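Undergrad: got a predicted structure plus its sequence, pasted below:
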Amino acid sequence: LTSRVQLLFSVLDIDDSQTLSFQELQMGLRKLKVSPAINISRDDWDTMTRDDAMTNAAGELDEEHFEVVMRRQLKLYVQRQLANAMEVVGNDSNHIGTILFVLKLLTIGVDDINNALNFSNFTTRPDGEVG
């Protein structure tokens, strides 16, 4: 997955600055030959970058933070797909709905564990920055 995200980053990084601005990401996504087309709004960008907390001073994502954003978006997509599948399956007799529900709980549980680990790894440097 990392190599594919890195490839996507290099394709979207139109100016080869090793960062992606909102406009650059928006333009790059429009040029991708995917169906349906991917369009992001400024609100989407703000949500993805956690109100620019993941961007540099110029408001751009570097490759490392882009991967974090893409992995988070993929996780959210999988959770939405599981929820949709649960609705479609409903109360079937072979327990597929139960299995999908457990899978969704597992993805949320893994996310909670990752968040707890990431939070415990943050330290405050002498300059007051968190890192």
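TA: All right, it came through fine. Numbers count the residues shown, from 1 in each chain.
Undergrad: okay, now the unreliable bits of this structure?
TA: Scanning the chain for pLDDT under 70 picks out the ranges 86, 89-95, 97-98, 101, 111-112, 114-131.
Undergrad: which stretches of it form strands?
TA: 19-20, 61-62 (DSSP state E).
Undergrad: got the CA coordinates for stretch 105-114 in CSV?
TA: This file holds the C-alpha atoms of stretch 105-114, laid out as CSV (Å, rounded to 0.1, in the frame of the first residue of the first chain):
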residue,chain,number,x,y,z
LEU,A,105,-16.2,-3.4,15.4
LEU,A,106,-12.7,-4.8,14.8
THR,A,107,-11.7,-2.0,12.4
ILE,A,108,-13.0,0.6,15.0
GLY,A,109,-11.1,-1.2,17.8
VAL,A,110,-7.9,-1.3,15.8
ASP,A,111,-8.3,2.4,15.2
ASP,A,112,-8.8,3.1,18.9
ILE,A,113,-5.6,1.1,19.7
ASN,A,114,-3.6,3.0,17.1
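Undergrad: can you give the contact residues for it?
TA: 75, 78-79, 82 (CB atoms under 8 Å, 6 or more residues apart in numbering). To be clear about C-beta, it is placed using only N, CA and C from the backbone, and glycine gets the same treatment.
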